[in-house]
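Enquirer: no sequence on this one, just coordinates:
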């Protein structure tokens, strides 16, 4: 199993929501015209992910999974066999929509200029596929503790933040560049996004130090350090 630090770092880089899974692309493309609006939306996504994924983790493990309600009465066989997992989607979406509504009210109250700049894309965080994707990844990967789920949510939010701020900064710079007319706008943005995705793939080769180490000395004297829980190829 990956450590909490592994989960956090991988969620930012090698499992980046934008560059690895292309989740949340609509907001990523529409709001990345200026760094200011990108920072605002990225911070909102971090907050929403940081709150919704742990809450959904608790719902999944203490209400929805088969036998999750056994804590109410351990001696009741009906609760031990009760499976409410078919409600996962609607419960996850309800939690996301509630938190997004809270964020929208806070931004409108304390940052009206940012609220006006983000426009319709702030409430659309509720249907941002990276937000629901975070909850579904958490469910699929079956994290053992809420700390792991929280690390994943924070890392995913930071990774999405880095992606949108980076592309916004690049788009501000390329306004002064000579770009062929057919590629101006979304065309060049898609190309840059693809190149950034390839660049982020390089993080997949990083050893985060999460597994047990095995040291082997080859015939040439080269010492190879590998993770015991991974397949080693020579």
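Expert: Great, that's in hand. Worth saying up front: this structure is predicted, and the values here are computed from it rather than measured.

Enquirer: going forward, measure contacts between C-alpha atoms and count neighbours the same way
Expert: Noted.

Enquirer: list the buried residues in the helix or strand hosting residue 195.
Expert: For residue 195, the element it lies in under DSSP states H and E is helix 186-201. Going by neighbour count (16 or more other CA atoms under 10 Å), the buried part of helix 186-201 is 188-189, 193, 196-197, 200-201.

Enquirer: over to stretch 116-136?
Expert: 118, 121-126, 128-136.

Enquirer: kindly report the same for stretch 17-37.
Expert: Neighbour-count burial for stretch 17-37 [16+ other CA under 10 Å]: 17-19, 23-25, 27-29, 31-37.

Enquirer: just give me the closest of those to residue 53.
Expert: residue 17 (14.2 Å; CA to CA).

Enquirer: could you say which helix or strand holds the residue lying closest to the closest one once chain neighbours are set aside?
Expert: Spatially, and ignoring its direct neighbours in sequence, residue 17 is nearest to residue 23 (5.5 Å; CA to CA, 6 or more residues apart in numbering). Using DSSP H and E, residue 23 maps to neither a helix nor a strand.

Enquirer: check what pLDDT residue 23 gets.
Expert: pLDDT for residue 23: 93.

Enquirer: quick one: residues contacting it.
Expert: Listed by CA atoms under 8 Å, 6 or more residues apart in numbering, the contact set of residue 23 reads 17, 128-130, 133.

Enquirer: of the residues you listed, which one scores lowest on pLDDT?
Expert: Among those, residue 128 has the weakest pLDDT, 84.

Enquirer: nearest spatial neighbour of it, chain-adjacent residues omitted?
Expert: residue 24 (5.4 Å).

Enquirer: now residue 171
Expert: Leaving aside its sequence neighbours, residue 171 sits nearest to residue 33 (CA to CA, 6+ apart; 6.3 Å).

Enquirer: so that neighbour is in which element?
Expert: Applying DSSP H and E, one finds residue 33 in no helix or strand.

Enquirer: these two touch, right, it and residue 168?
Expert: Yes: with contact defined as CA atoms under 8 Å, residue 33 reaches residue 168; the gap is 5.4 Å.

Enquirer: name all residues that make contact with the residue sitting nearest the centre point of the chain.
Expert: By CA atoms, centre = their mean, the chain has its centre lying nearest to residue 156, at 2.7 Å. Residues counted as contacts of residue 156 (CA under 8 Å, 6+ apart) are 8, 11-12, 16-17, 46, 49, 134.
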